[in-house]
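Novice: sequence and predicted structure below; questions after.
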Amino acid sequence: MPDVSPTKWHRAHVTWFFETFLLEGNEPGFAPFQDRYWFLFNSYYESLGPRFSRPDRGLVTRPGAHDVGLYRGNVDNRVRDLVATLDEGSLEKLTATIELGFHHEQQHQELLLMDIKHVLSRNPLEPVYAGRPHEHCEPDPMGWLEVEGGLVEVGHEGDGFSFDNELPRHREWLEPYRLADRLVTNAEWLEFIADGGYRRPELWLSDGLARVRAEGWHAPLYWVEHDGVWLEHTLHGTLPVNPGLPVAHVSFYEAEAYATWAGKRLPTEGEWEHAVVVDGQADAAHSGGNLADLEHYHPGPAGPAVDGHRLRQVYGDCWEWTSSAYHPYPGFHPPAGAIGEYNGKFMSNQMVLRGGCALTPPAHARLTYRNFFPHGARWALSGVRLADGGAPPAPAERPEAVA
Ligand SMILES: [Fe+2]
């Protein structure tokens with residue numbers, strides 16, 4: 001699959017990041033560990049020279065895992081040596097790069113799991129990777145958080161880490177809205193399918209319908225129907241679809257069509273962020289979310305709201321599609337040099353997702369984090385939270401379309 005990289009590529013690439021952005025230019029007598037690794041493990045940095053084709057990464061059988069381990073060990077040691085020998089002023093100048101390298105590695109820890117899930121899904125032996133299945137469960141009723149809106153501020157603030165794309169903090173106007181207090185479940189998605197959801201053109205964006213037809217979509221990515229029973233490939237095996245768990249591995253197009261079918265809409269990213277603040281959950285560290293540290297590696301049931309909050313599943317479970325295009329915030333400028341390619345150049349033809357997922361390292365979930373994927377991407381662990389208020393009327397209530 002062109003979007004999926006092998007595990008060893010992720011492990012080598014995050015090391016390449018430290019070698020490139022930290023060691024080169026700062027390590028006395030720097031030389032790359034291996035010239036060809038420079039070419040193999042550059043992901044997308046045009047200003048750093050040519051690189052190996054992404055869709056072909058899975059064809060590269062060497063270096064093997066052992067050699068990648070040697071590469072990682074070598075660069076780790078050199079980074080340690082560098083940090084130990086720098087004076088305080090020089091170290092301070094490199095702190096932001098080192099911290100970015102850690103967060104970059106966390107991004108790839110998550111991607112590694114998403115990618116190996118896809119690889120294993122193509123294996124007819126249905127291998128089990130890790131995690132334990134959740135007990136069979138039914139959905140809780142969906143509630144709503146009412147939000148007044150108005151002139152609000154969104155974007156990162158404070159001294160903590162953020163990616164450049166979370167800045168600058170800025171004002172945004174929000175009309176009154178409601179946000180669902182949990183994610184859309186498998187049971188609800190089954191109703192959508194049973195109601196012809198994938199076959200009804202009136203529910204779909206034109207581009208989305210074209211993908212449905214071209215790729216034969218009729219259910220979320222990892223669902224297969226056997227003798228009238230829907231099964232789902234997970235990292236802990238292929239299991240009957242559990243009705244009370246959040247639907248996962250749906251594209252933006254499917255999320256949007258589902259919301260239309262339900263007479264609702266997707267939230268904007270500003271609505272998502274502001275609602276989480278209003279609900280008192282700005283600090284992800286205290287969310288108790290289903291993130292990778294719980295080692296479920298799969299979204300879990302909504303469960304009761306805790307600590308007086310209304311919104312459930314805010315951090316963890318599934319990345320939540322928003323209706324916001326991934327564009328620069330007002331006043332955004334990518335940093336100079338190759339590192340400026342990290343986020344800014346992808347601000348076209350992608351949609352923003354918020355919240356984190358069951359594969360996200362806990363220190364990597366953040367109120368203002370802007371994840372992004374193309375509209376048709378399904379292999380990321382993505383799900384749906386509905387919004388309302390200012391929503392278009394349900395399809396049945398719409399006046400006849402005028403040509
Ligand atoms: Fe990367």
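Specialist: Cool, got the structure.

Novice: quick one: G280 from G308, how far?
Specialist: If you measure G280 against G308 using CB to CB, to the nearest Å, the figure is 7 Å. Every residue, glycine included, has its C-beta placed from N, CA and C.

Novice: hang on, G150 packs against R171?
Specialist: No - under the criterion of CB atoms under 8 Å, G150 lies out of contact with R171, with a separation of 10.1 Å.

Novice: related to what we said a few turns ago, which of G280 and G308 has more residues huddled nearby?
Specialist: Taking other CB atoms under 10 Å, G280 and G308 do not tie; G280 has more neighbours (13 against 7).

Novice: what about the more buried one, which SS state?
Specialist: Each residue gets one of three states, and G280 gets coil by DSSP: H, G, I helix; E, B strand; the rest coil.

Novice: so what's the residue lying closest to it once chain neighbours are set aside up against?
Specialist: Spatial nearest neighbour of G280, excluding adjacent residues (CB to CB, 6 or more residues apart in numbering): H309 at 5.8 Å. Contacts of H309 were listed using CB atoms under 8 Å, 6 or more residues apart in numbering, and they are 279-281.

Novice: check for me that H309 belongs to a strand.
Specialist: No - per three-state DSSP, H309 lies outside any strand segment and is coil.

Novice: what about it, distance to P301?
Specialist: Computed as CB to CB, the H309 to P301 distance reads 16 Å.

Novice: what does V314 give?
Specialist: Between V314 and P301 the computed distance is 15 Å (CB to CB).

Novice: between these two, which one's more packed in?
Specialist: Per other CB under 10 Å, whichever of V314 and P301 has more neighbours is V314, with 29 against 22.

Novice: and the more buried one, what does it touch?
Specialist: Contacts of V314 by CB under 8 Å, 6+ apart are 276, 279, 281, 284, 287, 289, 355.

Novice: the third one touches R312, doesn't it?
Specialist: Spelled out, it's Q281. No - under the contact definition of CB under 8 Å, Q281 does not touch R312, with a separation of 9.9 Å.

Novice: quick one: which of the two has more around it?
Specialist: Summary of the neighbour comparison: Q281 and R312, criterion other CB under 10 Å, with R312 having more neighbours (23 against 20).

Novice: helix or strand for that one, which one?
Specialist: Under DSSP states H and E, no helix or strand contains R312.

Novice: for it, phi and psi?
Specialist: Here is the backbone geometry of R312 (degrees, to the nearest 10): phi -110, psi 160.

Novice: please name the nearest non-neighbouring residue to V250.
Specialist: Closest to V250 by CB to CB, 6+ apart is P220, at 5.0 Å.

Novice: I should have written D115 there, sorry.
Specialist: Ranked by CB to CB, 6+ apart and with sequence neighbours excluded, the top spatial neighbour of D115 is V4, at 4.4 Å.

Novice: so who does the one you found touch?
Specialist: With contacts defined as CB under 8 Å, 6+ apart, V4 is in contact with 58, 115, 118-119, 379.

Novice: the helix or strand that contains H274 - contacts with which helices or strands?
Specialist: Under the criterion DSSP H and E, the helix or strand holding H274 is helix 269-278. With contacts defined as 3 or more CB pairs under 8 Å, 6 or more residues apart in numbering; DSSP states H and E, helix 269-278 has these neighbours: strand 144-147, strand 150-154, strand 170-174, strand 177-180, strand 319-325, strand 351-354.

Novice: which helix of this protein spans the most residues?
Specialist: Secondary structure assigned by DSSP state H gives helix 88-121 as the longest helix of the chain.

Novice: returning to what we had before: pLDDT check: weakest of the contacts of V4?
Specialist: The member of the contacts of V4 with the lowest pLDDT is G58, at 89.

Novice: wait, a strand at that one?
Specialist: No - using three-state DSSP, the assignment for G58 is helix, not a strand.
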